[in-house]
Every structure is written in C-alpha cells, then in structure tokens.
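Q: Below: sequence and its predicted model.
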Amino acid sequence: MKRSADNKLKVVAVRIDPQVEHRLRLLAETTGRKQSFFLLQIIEQGIGAMEEAWLPAATVANIRQGNVPELQQPGSTPDLFGN
C-alpha cells in the first residue's frame, strides 16, 4: 500500500520496564528485525483482546464490522509529536 496523508503511520511513545526492553532488543537482534516490527505485531495481535476487555460490547461489535467510531473528544489525548 502506498503511503499518503490519509494512511500515514503514526508515532506512539511508551515507557516500558528495562527488562521488557531488553527482551525486545534481544528478539530483534537475534532475528535481524527491528524492534518496531515486533512492537507492531504485539499491538496488532493484542488490541482485539484489549478492546473486548475495556470497550462496551456495542463498540466492539461496530469495530468488528469495520466501523471504527470517531474519537468522542478529538484532541483529548495529547499527541507528543503533533501540533
């Protein structure tokens, strides 16, 4: 897929325990992949479980149908790299 302004990847910063970071770095170095590859895999494979645990069932059902709702209050979560 060609990247455009509409589907540009976003940067998210997160603090993690040093032991977790060490495990991630070891995984990346051993396999020759980047840490970001594994972080993206972890997020993509785990977000469904987090949605089911934290979001209302109706919202999860909409997401599963491909209807991801807009944020309720755009800009309520600070974007460290945005305007």
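A: It's in.
Q: going forward, measure contacts between C-alpha atoms and count neighbours the same way
A: Fine.
Q: Which strand or helix spans the residue of the chain positioned farthest from its centre?
A: Relative to the mean C-alpha coordinate of the chain, counting by C-alpha atoms, centre = their mean, the farthest residue is residue 30 (23.3 Å). Residue 30 belongs to helix 18-31 when assigned by DSSP states H and E.
Q: what angle sits between the helix or strand following that helix and helix 18-31?
A: On the C-terminal side of helix 18-31, the nearest following helix or strand under DSSP H and E is helix 35-54. Using axes from the mean of the first three to the mean of the last three C-alpha atoms, to 10 degrees, the inter-axis angle of helix 35-54 relative to helix 18-31 is 130 degrees.
Q: Pull out the buried residues from helix 35-54.
A: residue 35 (16 or more other C-alpha atoms under 10 Å).
Q: do stretch 22-37 as well
A: Those buried within stretch 22-37 under the rule 16+ other C-alpha under 10 Å are 24, 25, 28, 35.
Q: so how far is residue 38 from residue 69?
A: According to C-alpha to C-alpha, to the nearest Å, residue 69 stands 27 Å off from residue 38.
Q: Repeat that for residue 64.
A: As for residue 64, its distance to residue 38 is 23 Å (criterion: C-alpha to C-alpha).
Q: What's the mean pLDDT across stretch 30-46?
A: Across stretch 30-46, pLDDT averages out at 96.
Q: Kindly export it (C-alpha atoms) in PDB.
A: C-alpha atoms of stretch 30-46 as PDB (Å, rounded to 0.1, in the frame of the first residue of the first chain):
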ATOM      1  CA  THR A  30      18.600 -12.400  17.200                       C
ATOM      2  CA  THR A  31      16.100 -12.300  14.300                       C
ATOM      3  CA  GLY A  32      17.600  -9.400  12.400                       C
ATOM      4  CA  ARG A  33      14.300  -7.500  12.500                       C
ATOM      5  CA  LYS A  34      13.700  -4.100  14.100                       C
ATOM      6  CA  GLN A  35      12.100  -3.600  17.500                       C
ATOM      7  CA  SER A  36       9.300  -1.600  15.800                       C
ATOM      8  CA  PHE A  37       8.400  -4.700  13.800                       C
ATOM      9  CA  PHE A  38       7.800  -6.700  16.900                       C
ATOM     10  CA  LEU A  39       6.000  -3.900  18.700                       C
ATOM     11  CA  LEU A  40       3.600  -3.500  15.800                       C
ATOM     12  CA  GLN A  41       3.000  -7.300  15.800                       C
ATOM     13  CA  ILE A  42       2.300  -7.200  19.500                       C
ATOM     14  CA  ILE A  43      -0.100  -4.300  19.200                       C
ATOM     15  CA  GLU A  44      -2.000  -5.700  16.100                       C
ATOM     16  CA  GLN A  45      -2.400  -9.100  17.700                       C
ATOM     17  CA  GLY A  46      -3.300  -7.900  21.100                       C
END
